[in-house]
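# could you work out the structure for the sequence below:
(one chain, ligands or ions: 1)
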Amino acid sequence: MVHVSFAYASLPTGTPRGLERDMSIPPSSPFTFTLAGAGCVGTAVAVLLARAGHMPVGTASRSAGSAERAAGLLGAEAYSVARLPPADVVLVGAPDDAIAEVAGLVPAVRGSVVWHFAGARGLGPLEPALSRGALGAALHPVQACPSIEAATLRLPGSAWGVTCSDELREWAQVVITGDLRGIPVTVASKDRPAWHASSVITANGISALLSAGERVLGSIGVDDPIAVLGPIAAGVIANAREAGGATATLTGPVVRGEVAVIERHLAALEGTEGRAPYATATRMIIAAAVASGRIDNETAAKMSALLGDER
Ligand SMILES: NC(=O)c1ccc[n+]([C@@H]2O[C@H](COP(=O)([O-])OP(=O)(O)OC[C@H]3O[C@@H](n4cnc5c(N)ncnc54)[C@H](OP(=O)(O)O)[C@@H]3O)[C@@H](O)[C@H]2O)c1
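Below you'll find the predicted structure:
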């Protein structure tokens, strides 16, 4: 562990006195932290870190309202991004394209950790802070976070993609497993886009498929489609987790080789907005069924022909 002293003179104008002190690399626990970009993920992670005993010393965002909301949740002060007090850890909760701008504005001194949450980005966008001596951590929670409340509830138990320098690796693992109750997975910088694409296929793909299923049920007058589809969607995920993978637990007419059932579905959906998502999903199901040896090529070819595809 290396100890570095904050020089008070290097603190930004407006920094409250009393924050000049020794820093250690990596930060020792409990650590001080600030939040720059007070949206769903950043605020939820800040709340979880505070619950774990770490010390919030300031929040900032594009709008004063979001900064103040987070400050209220954390019992901290709201600042503008450039006037945040220095801290051991700076959480950058801004959207992917704003990370570099925020990293260039936050106080970043030697030894402080600047941490963003973007799945598709490695340490690159943190360069404006790294060039001032900060350490970078790209720690991405693999969870769908539509609100601060949902994120706070669901981040514990979620996996985290970890891209950082060797000197931060153990620290990041301890914070994720111990403070955030998550599961760290090391991801090379070059692999971050593919890492994130898998979350998008799965999480946003499931939402889009559910939305298409809801609309088909709505078209035949079912009042509460998600009450019908929610349990089957949850069951599919539970089945895959229990079996240790999704392919082995694929069910339905494709893996049963029921060409006539698919023909009836297509006839029912012809001319409706459900036809296109059904065809897209069925192509993916056929590919998974063939790849796992659940149906032969001849059966797959008959199903594909119904969709107007050649195999
Ligand atoms: N949501 C998810 O499911 C999810 C999951 C994993 C990772 N992530 C990652 O988490 C990060 C944040 O996503 P999010 O979903 O939490 O977004 P979000 O709810 O839209 O929050 C982003 C926040 O950043 C603030 N902001 C925007 N531009 C800024 C700037 N130039 N300076 C300072 N603050 C700025 C916004 O401020 P105002 O509110 O003040 O306008 C907003 O509060 C992204 O990198 C994203 O890829 C998201």
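
# need the residues of this structure near the ligand, please.
Counting by C-beta under 6 Å from any ligand atom, the chain comes close to the ligand at 36-42, 61-63, 66, 81, 93-96, 98, 101-102, 117-119, 140-141, 143-145. C-betas here are computed from N, CA, C, even on glycine.

# narrow these to just the buried residues.
For the residues of the chain next to the ligand, a burial check counting by 16 or more other C-beta atoms under 10 Å picks out 36-42, 61-62, 66, 81, 93-94, 98, 102, 117-119, 140-141, 143-145.

# just checking, what packs against the helix or strand that contains residue 57?
In the assignment (DSSP states H and E), residue 57 maps to strand 55-60. Applying 3 or more C-beta pairs under 8 Å, 6 or more residues apart in numbering; DSSP states H and E, we find strand 55-60 packed against strand 32-36, helix 40-51, helix 64-74.

# touching it from outside, list them.
19, 30-38, 46, 49-50, 67-68, 70-71, 74-81, 83-85, 87 (C-beta atoms under 8 Å, 6 or more residues apart in numbering).

# what of stretch 146-165?
Against stretch 146-165 from outside (C-beta under 8 Å, 6+ apart): 39-41, 43-45, 47-48, 73, 119, 122-123, 135-145, 169, 172-173, 176, 180-189, 192, 195-196.

# at 6 Å what do you get?
Contact with stretch 146-165 is made by 40-41, 43-44, 47, 122, 137-143, 145, 172, 176, 181-187, 189, 195, as judged by C-beta atoms under 6 Å, 6 or more residues apart in numbering.

# for stretch 191-205, same thing?
119, 120, 122, 142, 144, 161, 187.

# before we move on, back to that, hmm, which of the contacts of stretch 146-165 are the buried ones?
Buried among the contacts of stretch 146-165 by 16+ other C-beta under 10 Å: 40-41, 43-44, 47, 122, 137-143, 145, 172, 176, 182, 184, 187, 195.

# what about residue 137, distance to the ligand?
Distance, residue 137 to the ligand, by C-beta to the nearest ligand atom, to the nearest Å: 13 Å.

# show me the strands in the protein, by range?
For the chain, the strands defined by DSSP state E cover 2-5, 22-25, 32-36, 55-60, 89-92, 113-116, 135-142, 159-164, 183-186.

# among those, where is the model least confident on average?
Of all those, the minimum mean pLDDT falls on strand 2-5 (a mean of 32).

# and among the helices and strands packed on strand 55-60, the most buried is which?
strand 32-36 (a mean of 27; mean count of other C-beta atoms under 10 Å).

# and the residue of the stretch 151-300 of the chain closest to the ligand?
Proximity of the stretch 151-300 of the chain to the ligand (C-beta to the nearest ligand atom) peaks at residue 151, 7.0 Å away.

# neighbours around that residue, how many?
23 (other C-beta atoms under 10 Å).

# same check on the one 5 residues further on?
Counted with other C-beta under 10 Å, the neighbours of residue 156 add up to 13.

# and it, backbone torsions?
phi -60, psi 130 (degrees, to the nearest 10).

# what distance do you get for it to residue 212?
31 Å (C-beta to C-beta, to the nearest Å).

# which residues pair with the residue lying closest to residue 64 once chain neighbours are set aside across the strands?
Sequence neighbours aside, residue 78 is the residue nearest to residue 64 in space, at 6.7 Å (criterion: C-beta to C-beta, 6 or more residues apart in numbering). When bridges are assigned using DSSP bridges, the partners listed for residue 78 are residue 59.

# now do residue 78, the pLDDT please.
In this model, residue 78 carries a pLDDT of 98.

# any idea how far the ligand is from it?
For residue 78, the distance to the ligand - C-beta to the nearest ligand atom - is 11 Å.

# burial count for that residue?
22.

# again, but for the one 10 residues further on
As a burial measure, residue 88 scores 24 neighbours (other C-beta under 10 Å).

# lovely, talk soon.
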